[in-house]
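[1] here is a sequence with its predicted model. Questions after.
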Amino acid sequence: MAARTLIVCTLLLGVSRAHAEVPRPGKAMVKATEGQIRFVRRPVAVIDLSNDQAVRDVANKLLELLAAHAELAAPAVSDGAALVDKLPPDDELRIADAQKKRLAAELNLAQRNFREAAIDAVEGQELLLHVSPRAAISLYADLALALGQSRLGEKKDADAREAFALTYRLDPQRTLDDLHYLPEVVQAFEVAKQPGASGGTDGTIAVRGAGRVWIDGEERGAAPGEFKTSLGLHVVWLTGMLRETVGKQVMVTATRPGDATIMDGPLTRPQKVVRYRTALAQAQDPAARASAMKALAAFVNVGDAVMLSLVNGKITWQTWRDRAPGFSALRELRADPVEILRQLSPPRPVDDPDPPPLHPPPVAQRWYQRRPVQIGLAATVVLAIVGGYMWARYVEPARPWDTDIKSFGAKP
């Protein structure tokens, strides 16, 4: 009985230990995941500062090399394209269309089609309200002058005076001569130039929105805010790194301040990247350039960059890192672009020892493959064999036999 009890207890112990060693779902998978080694490649921004096709070809070759590099990588696809692709000609197209409107207005003025000339001038001004003020200011003054001539031809003297006064505000150096303009136009323009021609000099414009405020081509501060100005017609632009340029014409009178409520213009991420790229290309002094580079790198989430430009017909390159020394020296591209990447990831010395081999993550074992389970099962089998053998050899001990059996009753 003792051997039987031992066998049963051993079997139960082995089964219970085997059941305890069965892994929970996902346990081995978690260990395998924790044991993996991940390599993170450093993203590098490739920036074309020239907007030239030959430079773009080199930039695209660099992006291909980064895609196959062991330690470096290209930035996000949309960001990388916005840093290299040809800049969208939004301002150029609007300026070209506004130039066509100016020519059409002047042609209609020559033919005394004043109403049509006024329509052309107004449509040209509306196009320039979405162009950066510095690029739009001169052409906007031309259109205002054409509009003033149109209103004068329509016998709308007050409107003509406001248009001529705006022309002078936008371009204070402008003068008209009798050889190119009618005497009545020259006279009306000279009158509009006089201080207080629009009724006074004390007025305000309340600008509501977000961005930098430009009034009549001059940067005045940040919006929202109120800005002092003269009475009369003005043009207000709101600009900003991450907003669309939008403008509005505002009339300021003695009884009513000007109100320029300009909503924020949404920009897509590629458009924002282009804005950062343009700011870097236009930065003049080293401090502004360093600030523009840091802002771009933070936005596209890189710590290294390659800047390509065109100087005297030759492609030049320069690297930047978010740690000292920052910008490298400016160099001319003389060979394959792969030499540029060596500045960011130099080759390892030949005598460097090979890195230790990577051990694959341990593979989760099944419950019956675990050592404690195998030992328990082996002990169970041994004990079963020993117990069976002892059971088979067991002999009942001899007892004395009483042959004097008289009856089944008790002895007297």
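    Nice, thanks for sending it over. Bear in mind the structure is a predicted one, so any value in this text is a computation, not a measurement.
[2] domains in the protein, by residue range?
    Here the domain parsing of the chain from automatic domain parsing is 2-21+373-392, 34-75+268-345, 90-193, 203-261.
[3] now the end-to-end length of the last one.
    Across domain 203-261, the straight-line distance between its terminal residues is 17 Å, by CA to CA, to the nearest Å.
[4] roughly how far out does that domain sit from the chain middle?
    Here domain 203-261 shows a centroid-to-chain-centroid distance of 29 Å under the convention CA atoms, centre = their mean, to the nearest Å.
[5] mean confidence for that domain?
    Averaged over domain 203-261, pLDDT sits at 93.
[6] for the domains of the chain, which has the smallest mean pLDDT value?
    What stands lowest among the domains of the chain, in mean pLDDT terms, is domain 2-21+373-392, with a mean of 62.
[7] and V84, how many neighbours does it have?
    Neighbour count for V84, taken as other CB atoms under 10 Å: 22. C-beta here means a position set from N, CA and C on the backbone, and glycine is covered the same way.
[8] pretty sure A324 sits in a helix.
    No. If the criterion is DSSP: H, G, I helix; E, B strand; the rest coil, then A324 is coil and not within a helix.
[9] what does stretch 170-184 rub up against?
    For stretch 170-184, contacts defined as CB atoms under 8 Å, 6 or more residues apart in numbering pick out 137-138, 140-141, 144-145, 149, 152, 167-168, 185-186, 189-190, 216-217, 235.
[10] buried members of the residues you listed into ChimeraX, please.
    Written as a ChimeraX command, the selection of buried residues from these, which uses 16 or more other CB atoms under 10 Å, is:
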select :137,140,141,144,145,149,152,167,168,185,189,216,217,235
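[11] hmm, who's touching stretch 221-230?
    Contacts of stretch 221-230 (CB under 8 Å, 6+ apart): 169, 198, 200-213, 215-216, 220, 238, 252, 257-258, 262.
[12] and the strands in the stretch 1-150 of the chain?
    42-48, 72-73 (DSSP state E, counting those that start in this stretch).
[13] dump these into JSON lines; add mean neighbour count as well.
    Listed next are those as JSON lines, based on neighbours: other CB atoms under 10 Å:
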{"stretch": "strand 42-48", "mean neighbour count": "24"}
{"stretch": "strand 72-73", "mean neighbour count": "17"}
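[14] who wins for proximity to A329 among those strands?
    Nearest to A329, of all the strands of the stretch 1-150 of the chain, is strand 42-48, at 16.9 Å by CB to CB.
[15] picking up where we left off before, just the buried residues of the contacts of stretch 221-230.
    Looks like the contacts of stretch 221-230 have 169, 198, 203, 205, 207, 209, 211-213, 215-216, 220, 238, 252, 258, 262 buried, using 16+ other CB under 10 Å.
[16] and these, which of them are in strands?
    Members of these lying in strands (criterion: DSSP state E): 203, 205, 207, 209, 211-213, 215, 220, 238, 252, 258.
[17] so what's T278 closest to, chain neighbours aside?
    Closest residue to T278 apart from its sequence neighbours, by CB to CB, 6 or more residues apart in numbering: L87 at 7.1 Å.
[18] how about the contacts made by that neighbour?
    So L87 contacts 51, 274, 277-278 (CB under 8 Å, 6+ apart).
[19] swap in 10 Å and give it another go.
    Listed by CB atoms under 10 Å, 6 or more residues apart in numbering, the contact partners of L87 are 48, 51, 274, 277-278, 281.
[20] among those, the buried ones, what's the PyMOL command?
    Per 16+ other CB under 10 Å, the buried members of the contacts of L87 correspond to this PyMOL selection:
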select buried, resi 48+51+274+277+281
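[21] which one of the contacts of L87 is nearest to K294?
    Closest to K294 out of the contacts of L87 is R277 (13.7 Å), distances taken as CB to CB.
[22] coming back round to it: quick one: the residue nearest to T278 from H130, how far?
    Separation of L87 from H130 (CB to CB, to the nearest Å): 16 Å.
[23] surely K156 touches A188?
    No. When contacts are counted by CB atoms under 10 Å, K156 is not listed as touching A188 (11.3 Å).
[24] helix, strand or coil for Q318?
    Per three-state DSSP, Q318 ends up strand.
[25] what's the burial count for it?
    18.
[26] ok, now which ones touch it?
    Listed by CB under 10 Å, 6+ apart, the contact set of Q318 reads 47, 49, 305-309, 327-331, 340, 343.
[27] rewinding a little: and the furthest pair within the buried ones among the contacts of stretch 221-230?
    Using CB to CB, the buried ones among the contacts of stretch 221-230 span at most 26.6 Å, a distance reached by S198 and G211.
[28] still on that earlier bit, Throw the contacts of Q318 into TSV and include distance to V382 and secondary structure, thanks.
    Putting these into TSV (distance: CB to CB, whole Å; DSSP: H, G, I helix; E, B strand; the rest coil) gives the following:
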residue	distance to V382	secondary structure
I47	75	strand
L49	81	coil
A305	71	strand
V306	71	strand
M307	76	strand
L308	77	strand
S309	82	strand
F327	77	strand
S328	74	coil
A329	79	coil
L330	81	coil
R331	78	strand
I340	71	helix
Q343	70	helix
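[29] got those as CSV, with distance to T175 columns?
    CSV is the format used below for these (distance: CB to CB, whole Å):
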residue, distance to T175
I47, 44
L49, 39
A305, 48
V306, 50
M307, 44
L308, 45
S309, 40
F327, 46
S328, 51
A329, 49
L330, 44
R331, 50
I340, 53
Q343, 55
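[30] now the helices for the chain?
    Assigned by DSSP state H, the helices in the chain fall at 2-20, 27-35, 53-67, 77-84, 90-110, 114-128, 133-153, 157-170, 183-193, 269-282, 286-300, 338-344, 371-392.
[31] in JSON lines: these, plus distance to W320.
    JSON lines is the format used below for the helices of the chain (distance: least, CB to CB, whole Å):
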{"stretch": "helix 2-20", "distance to W320": "59"}
{"stretch": "helix 27-35", "distance to W320": "36"}
{"stretch": "helix 53-67", "distance to W320": "14"}
{"stretch": "helix 77-84", "distance to W320": "13"}
{"stretch": "helix 90-110", "distance to W320": "27"}
{"stretch": "helix 114-128", "distance to W320": "35"}
{"stretch": "helix 133-153", "distance to W320": "27"}
{"stretch": "helix 157-170", "distance to W320": "39"}
{"stretch": "helix 183-193", "distance to W320": "50"}
{"stretch": "helix 269-282", "distance to W320": "10"}
{"stretch": "helix 286-300", "distance to W320": "6"}
{"stretch": "helix 338-344", "distance to W320": "10"}
{"stretch": "helix 371-392", "distance to W320": "56"}
